[in-house]
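>>> Mind folding the following:
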Amino acid sequence: MAEAGKCSKCGLCKAVCPVLRVMKEESKGPRCRMLQINEKQEDESLLFSTLCSACDAACPVKIDISKDVLAARQRLVGKGIETEANKRMIENMRKYGNPFGEIKGKPKELFCC
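Numbering: from 1, shown residues only. Just a heads-up that it's a prediction; the model follows:
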């Protein structure tokens, strides 16, 4: 169950969010994510979280934002809502065993002098 209702809306999570710093859109930040989860209006903007947990550490009421975002993302993917990058990453994990699409093997086999 989401802890989003506990959010005090102080904004401390915004200060530490790497996605918000780069994208500069409130709709991509942790406070907006928590509001979406609380109001059950989850959409693809939840897929922008890096799940770095910086917002969890900054939260004065100790909401586990990353846990709630991860659960919401699982629901979205279950509905078929995901980014192209996420689809490629999953495909690479299945095919190569890593998210980068790198061929399996020992480094010396891949990068020889």
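
>>> So what does the residue nearest to the spatial centre of the chain look like in phi/psi?
Nearest residue to the geometric centre of the chain (C-alpha atoms, centre = their mean): Ser49, 2.8 Å. Backbone torsions for Ser49, taken as degrees, to the nearest 10, come to phi -70, psi 140.

>>> you'd agree it is up against Ser66?
Yes. Between Ser49 and Ser66 there is a contact under C-beta atoms under 8 Å: 7.4 Å. Placement of C-beta: from N, CA and C, glycine included.

>>> Lys67: neighbour count?
Lys67: 14 surrounding residues under other C-beta atoms under 10 Å.

>>> can you tell me which helix or strand it belongs to?
For Lys67, the host element (DSSP states H and E) is helix 65-78.

>>> So which bits of that helix are buried?
Burial within helix 65-78, assessed by neighbour count using 16 or more other C-beta atoms under 10 Å, is assigned to 65-66, 68-69, 72-73, 76.

>>> can you pull the pLDDT of the residue nearest to the centre of the chain?
We have a pLDDT of 84 for Ser49.

>>> which intervals of the chain have sub-threshold pLDDT?
For the chain, the stretches flagged by pLDDT under 70 are 1-4, 104-113.

>>> contacting residues for Leu47?
Applying C-beta atoms under 8 Å, 6 or more residues apart in numbering, one finds that Leu47 lies in contact with 73, 76, 81-83, 86.

>>> quick one, helices of this structure?
Secondary structure of the chain (DSSP state H): helices at 12-16, 18-23, 30-38, 54-58, 65-78, 84-96, 107-110.

>>> Columns distance to Gly5 on top of those, output as a markdown table?
Output for the helices of the chain, formatted as a markdown table (distance: least, C-beta to C-beta, whole Å):
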| stretch | distance to Gly5 |
| --- | --- |
| helix 12-16 | 15 |
| helix 18-23 | 22 |
| helix 30-38 | 6 |
| helix 54-58 | 16 |
| helix 65-78 | 11 |
| helix 84-96 | 28 |
| helix 107-110 | 48 |
